[in-house]
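[1] Build me a model:
(chains A and B, ligands or ions: 5)
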2 protein chains.
Amino acid sequence: MGLQSFVEVHPESHFPIQNLPYGVFRPRPGSEPRPGVAIGDYVLDLSVIAAHGLFDGSILKGSDCFNQPNLNKFLGMGRPAWKEARATIQNLLSSTEPKLRDNASLRQIALAPRDQVEMLLPIAIGDYTDFFSSMHHAKNCGTIFRGPENPIPANWFHIPIAYHGRASSVVISGTDIVRPRGQGHPIGGSPYFGPSVKLDFELEMAAIVGPGNELGKPIDVNEAADHIFGLVLMNDWSARDIQAWEYVPLGPFLGKSFGTTVSPWIVTLDALEPFACNAPKQDPHPLPYLAEKISKNYDISLEVRIKPTGEENSHVVTKSNFNHLYWTLTQQLAHHTINGCNLRPGDLLGTGTISGPEPESYGCLLELTWNGQKQLSLGGTTRKFLEDGDEVIITGCSKGNGYNVGFGTCSGKILPSPI
Amino acid sequence: MGLQSFVEVHPESHFPIQNLPYGVFRPRPGSEPRPGVAIGDYVLDLSVIAAHGLFDGSILKGSDCFNQPNLNKFLGMGRPAWKEARATIQNLLSSTEPKLRDNASLRQIALAPRDQVEMLLPIAIGDYTDFFSSMHHAKNCGTIFRGPENPIPANWFHIPIAYHGRASSVVISGTDIVRPRGQGHPIGGSPYFGPSVKLDFELEMAAIVGPGNELGKPIDVNEAADHIFGLVLMNDWSARDIQAWEYVPLGPFLGKSFGTTVSPWIVTLDALEPFACNAPKQDPHPLPYLAEKISKNYDISLEVRIKPTGEENSHVVTKSNFNHLYWTLTQQLAHHTINGCNLRPGDLLGTGTISGPEPESYGCLLELTWNGQKQLSLGGTTRKFLEDGDEVIITGCSKGNGYNVGFGTCSGKILPSPI
Ligand SMILES: [Ca+2]
Ligand SMILES: [Ca+2]
Ligand SMILES: [Mg+2]
Ligand SMILES: [Mg+2]
Ligand code: NI
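    Ligands and ions are numbered 1, 2, ... in the order given. The predicted structure is shown next:
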């Protein structure tokens, strides 16, 4: 790999100059939120770079898109602006460019150590949608809930199935999650009520929408990639007992809406392009509005660890890969708009739980413990579902030739229910 | 009725001084959106009233809450602010108060004829939730889709069932609705794809949330009313063919997300208080977190008319009443937060289709034509589902002693699908 930064980047870092993911941070407690880009152990403060006139390309020159508390304005500007920003930042950080490298006072204000800043939700989320695009996950859930005959509903191979999620409870990695209370199936007469006893994680990723579309004007599947800025890791926390009792006939509601965690860094599709791979063959052939010329997945290794309270170490509970998805991001987005539904910059499109074919690659405890029928080993202890104090840590990374393009972590710890 | 305004109000008007509903409007094309209150055939411009220092109560004095493009800030201030605003505005508009009555130049800028202003969506909607709270609607839908044995799912009498809706496609009354395209059940091998052939309206009302709650901190059912500002009329347009094919197992998605229409005027709970009535007896008794000390509905007459393209007249297709709801607004809100889900000012909580017990009071064409099995007469023509050019007009009104507290209309016209 030729390209190198003057900022030191450890070989194992997720954030070399080839990545340059976007986030929003506060350099000090109380200071204004602003966009930044991760480089090694640092954040590059884009508001400072903009204030110094270093975004000098034709699109970003004079723009206030980096003088905002979130990335929505930048997202709405589209791929030409994103390409220009990436070129400018990659040049500025490269080992051969003196502008920032040799300006100690600018480096001092433009580069903040990542372990000293506070990361915030990088986008204002207008709507959050969650898809259901892993065939293995659909098959396992169907088998668990409806039996082994026809576990996958008839519509699944024709439609990238999805539901509307709750936008208000999407939180940034590191936010504690309070165990939800709610109703479960009646055992005797009255339904169970109390803290969920089947609290689960769901290993997901989510696309961040760039430019949206007008109500009534669908986006063509072959142009859908221009409406996707990048990806984050996502944990769609799920209370299986609440979900199972409430979801007929209108789908998941309180079983999901108590919290959804996303990672702070948005890795752009441009940075992921070297890791593009073919999406799975689709049989039956999709309808014309979903039949795309190039059907692309990405090779992103995913891992979930659980760290029980008081323990030193976390334990790997599953390893999966983004490329297990059956429906592509672009098919999801085209389907979402085919009825005329309008997307807006900053909308969050979850992939659904990313399960692979092998039991070690299942993306949630529901599948890993087969709805609590077996125990999952965590070193010295075991789990059927999550316990209070458990921290769930998702990581994701693509391995390049001598570098990584990674997502960092997406984590959250379970707090007990209020009494 | 003693209280009268110096502004002339026709006896049939929905907007006498007893009502004072809130909206957001532009007095002239291109001018800034601002909050207003309807009075007779006029809108009172609250930004003008505030600028003239006429909000002189302890809470609103000096506040910029009426110098905003939406009502969210005012909504977040809670009932004490709402009570103070209502008292101030009611006094200012009363026939015995000279401040505005006798100030011609102030009247000139503060009161705009309603037929000359543009009404806008009065709130920025963070999340839109739609409930399913009419037992008659649940029973009819269940019978149509799953047969007459056990039409109502077992959970329905324990849970105010709901799903997350799409916030981006909520539009103001008068906005045209493009007929959605999408998939329907396969007839031969491949699913149907094309314009929906089962386009429907749903007669609903929706609560507008005032102060929200922190994530992880549920709202007690007996305090829930303080979190509800008021109500609007709502038409939850639905494509029954798309919905029927997509909704297993995650609920409605594209069958609903192409458009949801709300009326421009938010009628406050304070104005509706004279029309409060007992909610239906609930059997089985709700769980403690849903068992409220006072269980309140409102007597609001609702009517839906359809006006086919080119016709002079619209035809009444159903008459219903808000008081047919089984679950109350406060139970809906308490249930929504019991898992810790956070609400925010401006959230929209739809009631679900409001069907009464008699066939003439069913709230959607699915029920009125029994899923297209019979024709509905519209004077000279008939309908099974909506046709291009049809305008659907919802009205709602509570009849007081010599005055109305009304909602105006909530209307939308169907445009053909794009080719
Ligand atoms: Ca999910
Ligand atoms: Ca509805
Ligand atoms: Mg969630
Ligand atoms: Mg709708
Ligand atoms: Ni939403």
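[2] Now do the longest helix along chain A: which elements does it pack against?
    Looking across chain A with DSSP state H, the single longest helix is helix A:79-93. If contacts are counted by 3 or more C-beta pairs under 8 Å, 6 or more residues apart in numbering or on different chains; DSSP states H and E, helix A:79-93 sits against strand A:42-45, helix A:46-51, helix A:72-77, helix A:98-101, helix A:269-272. The C-beta positions use only the backbone N, C-alpha and C, and glycine is treated the same way.
[3] Is it possible to get TSV of those that adds mean neighbour count and mean pLDDT?
    Output for the helices and strands packed on helix A:79-93, formatted as TSV (neighbours: other C-beta atoms under 10 Å in any protein chain shown; pLDDT from 0 to 100):
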stretch	mean neighbour count	mean pLDDT
strand A:42-45	23	98
helix A:46-51	21	98
helix A:72-77	21	98
helix A:98-101	16	98
helix A:269-272	19	98
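[4] Nearest to ligand 3, out of these?
    Comparison of the helices and strands packed on helix A:79-93 against ligand 3 by C-beta to the ion identifies helix A:72-77 as nearest, at 21.3 Å.
[5] I'd like to know how far A:P284 sits from A:P357.
    20 Å (C-beta to C-beta, to the nearest Å).
[6] So which bits of chain A are right by ligand 1?
    A:130, A:202, A:236 (C-beta under 5 Å from the ion).
[7] From those residues, keep the buried residues only.
    A:130, A:202, A:236 (16 or more other C-beta atoms under 10 Å in any protein chain shown).
[8] Which member of those residues is positioned nearest A:G174?
    A:D236 (16.7 Å; C-beta to C-beta).
[9] my read: the closest one touches A:I354, true?
    No - the pair A:D236 and A:I354 does not pass the contact test of C-beta atoms under 8 Å, sitting 10.7 Å apart.
[10] Between the two, which contacts overlap?
    Taking C-beta atoms under 8 Å, 6 or more residues apart in numbering or on different chains as the contact rule, A:D236 and A:I354 both touch A:E204.
[11] A:A334 in helix, strand or coil?
    helix (DSSP: H, G, I helix; E, B strand; the rest coil).
[12] How many neighbouring residues does A:G194 have?
    Each residue near A:G194 was counted by other C-beta atoms under 10 Å in any protein chain shown, and the total is 11.
[13] In contact with the residue lying closest to it once chain neighbours are set aside: list those residues for me.
    Excluding the flanking residues, the one nearest A:G194 by C-beta to C-beta, 6 or more residues apart in numbering or on different chains is A:R181, at 6.0 Å. Residues in contact with A:R181, defined by C-beta under 8 Å, 6+ apart, are A:193-196, A:417-418, B:218, B:338-340.
[14] For PyMOL, write the select line for the buried members of these.
    The PyMOL selection below is limited to those of the contacts of A:R181 classed as buried (16+ other C-beta under 10 Å):
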select buried, (chain A and resi 195+196+417) or (chain B and resi 218+338+339+340)
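[15] which one among the contacts of A:R181 gets closest to ligand 5?
    Closest to ligand 5, out of all of these and judged by C-beta to the ion, is B:N339, at 16.2 Å.
[16] Look up the closest residue to the closest one, ignoring the ones flanking it.
    A:P180 (3.6 Å).
[17] And that neighbour, how far from B:G379?
    Distance of A:P180 to B:G379, computed by C-beta to C-beta: 52 Å.
[18] circling back: any chance of TSV for the residues of chain A next to ligand 1, columns distance to ligand 2 and secondary structure?
    Below are the residues of chain A next to ligand 1 laid out as TSV (distance: C-beta to the ion, whole Å; DSSP: H, G, I helix; E, B strand; the rest coil):
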residue	distance to ligand 2	secondary structure
A:D130	20	strand
A:E202	27	strand
A:D236	24	coil
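[19] quick one, what contacts the nearest residue to A:Q4 once chain neighbours are set aside?
    Counting by C-beta to C-beta, 6+ apart, A:S95 is the residue found nearest to A:Q4 once chain neighbours are left out, at 4.6 Å. Applying C-beta under 8 Å, 6+ apart to A:S95 gives the contacts A:4-6, A:101.
[20] Local confidence estimate at A:S95?
    Looking at A:S95, its pLDDT is 98.
[21] what's the answer for A:M1, then?
    Among the per-residue scores, A:M1 holds a pLDDT of 51.
[22] Pull the number of nearby residues for the residue nearest to A:V43 when sequence neighbours are not counted.
    With sequence-adjacent residues excluded and distances taken as C-beta to C-beta, 6+ apart, A:V43 is closest to A:G36, at 4.0 Å. Counted with other C-beta under 10 Å, the neighbours of A:G36 add up to 31.
[23] The residue nearest to A:G194 and B:N155: what is the separation?
    From A:R181 over to B:N155 the distance is 16 Å, taken as C-beta to C-beta.
[24] Tell me which strands the strand or helix carrying A:M234 pairs with, and in which orientation.
    Using DSSP states H and E, A:M234 maps to strand A:228-235. Strand A:228-235 has the following strand partners under DSSP bridges: strand A:203-209 (antiparallel), strand A:260-262 (antiparallel), strand A:267-268 (antiparallel).
[25] do the helix or strand following it and ligand 3 meet?
    For strand A:228-235, the following helix or strand on the C-terminal side (DSSP H and E) is strand A:238-239. No - contact of strand A:238-239 with ligand 3 (C-beta under 5 Å from the ion) is absent, the minimum separation being 6.5 Å.
[26] Look at the residue lying closest to A:P211 once chain neighbours are set aside and report its pLDDT.
    Nearest non-adjacent residue to A:P211, counting by C-beta to C-beta, 6+ apart: A:G78, 4.8 Å away. Here the pLDDT value assigned to A:G78 is 98.
[27] and if you look at A:G380?
    87.
[28] The residue of the stretch 201-350 of chain A found nearest chain B: what's it in contact with?
    Among all residues of the stretch 201-350 of chain A, A:G251 sits closest to chain B, at 2.2 Å; criterion: C-beta to the nearest C-beta. Counting by C-beta under 8 Å, 6+ apart, A:G251 touches A:163, B:163, B:247, B:249-252.
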